[in-house]
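A.B. asks: Just the structure for this:
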Amino acid sequence: MSTMIENGTKIGVDALKLADIICSTGNAKISKAIRAATGSIVSHSMLFSGGGKVIESVGGGVREVPLSEALDGAQLAIAFRPASLPESSAHVVVDFARQQATDGKKYDIRGIIAQAGYQLDRIFFSEEQAARANLWIQDENRYFCSELIAAAFQHAGFPLTNTRPAAVSPQTLVELGSTDTLAYVGHLLGL
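C.D. replies: As a prediction, this is how the structure comes out:
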């Protein structure tokens, strides 16, 4: 995986397809805190919704914005593509995420705090024990970034992991890039 991060391929937005996943990071304090708490190289993830836009969950809630706005201040942005996802299912993924924005779903602050505890506890306990201790609060009306993406794929019948969406971090998505679940597309930023 580190080879992909260090020796990847530079791409433009024209290389992206519907439902591609973009993982990013920057120098903001919150980005550094998320990376430190989760042991990640990335701190944020978003879903490409077509037309140069992405759907993401940030402090203000779930929103659809131009990719350029979502990546403002980012230093690293890596795109991944779900391997074997039919185009019709890609539409279901994006429609689910877009509906969360339309419905005004809020950012899951408690969920991201539980996610940090889960990531730390995975070091000392089994994944199941860590999940039971930290992820018992799952609010279907709130999402943090990677939770939204995992929920959208799960809704479309293509779960990215065998865990619940609240257990998926941006780093989980990067790690899936070295499996058959997600394929590396390229670097939008950071090469």
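A.B. asks: Can I get the one helix or strand S24 maps to in PDB? Just the C-alpha atoms.
C.D. replies: Per DSSP states H and E, S24 falls inside strand 21-26. Only the C-alpha atoms of strand 21-26 are listed here, as PDB (Å, rounded to 0.1, in the frame of the first residue of the first chain):
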ATOM      1  CA  ILE A  21     -14.300   7.100  -3.400                       C
ATOM      2  CA  ILE A  22     -11.900   9.900  -2.700                       C
ATOM      3  CA  CYS A  23      -9.800   9.800   0.500                       C
ATOM      4  CA  SER A  24      -7.900  13.000   1.400                       C
ATOM      5  CA  THR A  25      -6.000  14.800   4.100                       C
ATOM      6  CA  GLY A  26      -4.700  18.300   4.800                       C
END
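A.B. asks: Parallel or antiparallel, list what pairs with it.
C.D. replies: The pairing partners recorded for strand 21-26 under DSSP bridges are strand 44-50 (antiparallel), strand 74-82 (antiparallel).
A.B. asks: Nearest to S146, out of those strands?
C.D. replies: strand 44-50 (4.7 Å; Cβ to Cβ). Just so you know, the C-beta spots here come from the backbone N, C-alpha and C atoms, and that holds for glycine as well.
A.B. asks: State the phi and psi torsions of the nearest residue to V58 once chain neighbours are set aside.
C.D. replies: Excluding the flanking residues, the one nearest V58 by Cβ to Cβ, 6 or more residues apart in numbering is Y107, at 6.4 Å. Main-chain torsions, Y107, degrees, to the nearest 10: phi -70, psi 140.
A.B. asks: got the contact list for Y107?
C.D. replies: Y107 sits next to 57-62, 142-144 when contact means Cβ atoms under 8 Å, 6 or more residues apart in numbering.
A.B. asks: Tell me the one of the residues you listed nearest V168?
C.D. replies: For those, the nearest to V168 is F144 (9.4 Å; Cβ to Cβ).
A.B. asks: Wait, that closest one touches E56, no?
C.D. replies: No: the pair F144 / E56 is not scored as a contact, 10.0 Å apart, by Cβ atoms under 8 Å.
A.B. asks: In this protein, what helix or strand scores lowest on average pLDDT?
C.D. replies: helix 127-134 (a mean of 52; mean pLDDT, DSSP states H and E).
A.B. asks: Tell me how far the helix or strand just after that helix lies from the chain's centre.
C.D. replies: For helix 127-134, the following helix or strand on the C-terminal side (DSSP H and E) is strand 142-143. Using Cα atoms, centre = their mean, to the nearest Å, the distance from the centre of strand 142-143 to the centre of the chain it belongs to is 13 Å.
A.B. asks: List the pairing partners of strand 142-143 within its sheet, with orientation.
C.D. replies: Using DSSP bridges, the strands paired with strand 142-143 are strand 106-107 (parallel).
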